[in-house]
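Engineer: predicted model, plus sequence, below.
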Amino acid sequence: EVQLVESGGAVVQPGGSLRLSCAASGFTFDGYTMHWVRQAPGKGPEWVSLITWDGGSTSYAVSVKGRFTISRDNSKNSLYLQMNALTTGDTAMYYCARPVAGMNPHFEYWGQGTLVTVSS
Amino acid sequence: EIVLTQSPGTLSLSPGERATLSCRASQSVSSFYVAWYQQRLGQAPRLLIYGASSRATGIPDRFSGSGSGTDFTLTISRLEPEDFAVYFCQHYTRSPPTYTFGQGAKLEIK
């Protein structure tokens, strides 16, 4: 069974930093590009970032580029998101997500999410 | 930048009825890159349809997707109580990778 378990969410002050983790199991982790997707309270989901299977390529939403860094450790079946210079606009539930097997880019598996609240 | 507009914003129906949700793209898109998600209260989104019309693993056949160009539709043939939720359409653009979601449509019990 595919499982994605996020952790690391917290309440942090504006300008602060946070590192999120996602532990993956039940599939061949290094066979997939992985993603972070966030959802602010009462809003639709917003894609944040992706990293290819080997970590060789990353991509970011304009809203987080230059502040967030995605990484992975295939030996630990883990995905990470380092978030710096946080603003109140970054307050959201953060999900890690795995796409459908094959070439389709859509998100078939999601974790339960970890909540990040940016507030003074 | 492609914008996805969903309609109606809220749809009030009874169990057993048929639901039709619309997603309109601001420009013509490839149907291969259109998906639909369901989100129940307090849960993560769940992939229902990808490639505009392919059901994801484990999705009941009462859910179907269709459309091309700028207009896409999610149809639920006979509503079950667990189908009352929020639905999002989504589009992927290849270069640079961009994943755009619609604003959502709430399906509520009448």
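Structural biologist: Yep, that arrived.
Engineer: how far away is residue A:30 from residue A:79?
Structural biologist: Distance, residue A:30 to residue A:79, by C-beta to C-beta, to the nearest Å: 11 Å. Just so you know, the C-beta spots here come from the backbone N, C-alpha and C atoms, and that holds for glycine as well.
Engineer: and residue B:93, by the same measure?
Structural biologist: With distances taken as C-beta to C-beta, residue B:93 is found 23 Å from residue A:79.
Engineer: how many residues are close by residue A:90?
Structural biologist: Neighbours of residue A:90 under the rule other C-beta atoms under 10 Å in any protein chain shown: 23.
Engineer: who's the nearest residue to it once chain neighbours are set aside bridged to?
Structural biologist: In this structure, residue A:90 finds its nearest non-sequential neighbour in residue A:118, 5.2 Å apart by C-beta to C-beta, 6 or more residues apart in numbering or on different chains. Residues in a beta bridge with residue A:118, per DSSP bridges, are residue A:12.
Engineer: now swap in residue A:39 and tell me
Structural biologist: residue A:45, residue A:93.
Engineer: centre-most residue in chain A?
Structural biologist: The C-alpha lying nearest the average C-alpha coordinate of chain A belongs to residue A:36 (C-alpha atoms, centre = their mean; 2.6 Å).
Engineer: end to end on stretch B:89-102, go ahead and measure it.
Structural biologist: Terminal residues of stretch B:89-102 lie 5 Å apart, using C-alpha to C-alpha, to the nearest Å.
Engineer: fine, thanks again, bye for now.
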